[in-house]
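S.K.: Following is a predicted model, sequence given first.
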Amino acid sequence: MSRESRVGSLRAQRPRPGSVKSPADAGGPPDPGATVRGCPVSEGKSATGATPAGSGPRGDAADTTAARLFGVWRLVSTEQRLADGSRRPSPLYGPVGVGFLFYSYPNRMSAILADPRRARWKSADEPTDEELRTTFDHFIAYAGTFEVDDAGGFLVHHIEIGLVPNETGESARRHFQFVGEQLVLRPAPPLAQGVVDYTLTWAWVAPAGLTAGP
């Protein structure tokens, strides 16, 4: 898949901040009464990454889905289901893709993903055009803010800075589901041509300088 095709797909699926609607086919909110890393989780409570009005930092944040996101997540796998029924890892990151996803209080986030099989440059100071293109085509990084919609079952990354200048100011919507200590994200349609479903599975690594609770 060319970089241009990937960027086009991303731009097509990224609504502007504030324009996101809750999809009817999104996954449901966490089970009521469930706990993750000792933090209670309530059903139906939406969060923008910030605690409710009048709350102290960290105290009431434990009772939101955002609190479950806080920390560092390592990429476990990517999988794309194609229209013909076959499955494959993301062509961008390959079968052994690496990546980290960061969420911190109150609503900051960043993401970095790459294909570790990228060839080393002959010169770190003077890469060739082909070396730069290969690196660019198999690497993505951005940072900004995030918000959670529990009822709709999705979260939104609002991009403030990224590898692709055109993506600054845009938003990426992801359906989410917690499976034990893993976070499963599914980019919202439209997807790349021939792809009908795309999942990225992340494993929780460590808190991002925040322990939920007083």
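M.R.: Sure, I can see it.
S.K.: Going by C-alpha atoms from here, please, whenever you check contacts or count neighbours.
M.R.: Will do.
S.K.: Okay, now the unreliable bits of this structure?
M.R.: Within the chain, the set of residues satisfying pLDDT under 70 comprises 1-63, 208-214.
S.K.: can you give me the strands for it?
M.R.: Applying DSSP state E to the chain gives strands spanning 35-36, 39-40, 71-82, 87-88, 98-104, 108-114, 139-149, 154-162, 171-179, 182-187, 195-206.
S.K.: Let me have the ones you listed in CSV, adding distance to L132 and mean neighbour count as columns.
M.R.: Listed next are those as CSV, based on distance: least, CA to CA, whole Å; neighbours: other CA atoms under 10 Å:
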stretch, distance to L132, mean neighbour count
strand 35-36, 41, 15
strand 39-40, 44, 18
strand 71-82, 24, 20
strand 87-88, 25, 14
strand 98-104, 19, 21
strand 108-114, 14, 20
strand 139-149, 11, 21
strand 154-162, 16, 21
strand 171-179, 25, 21
strand 182-187, 27, 20
strand 195-206, 25, 18
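S.K.: Can you check which of the ones you listed gets nearest to E126?
M.R.: Across the strands of the chain, E126 has its closest neighbour in strand 139-149 (18.7 Å, CA to CA).
S.K.: So what touches the closest one?
M.R.: 22, 46-49, 65-66, 92-93, 107-115, 154-163 (CA atoms under 8 Å, 6 or more residues apart in numbering).
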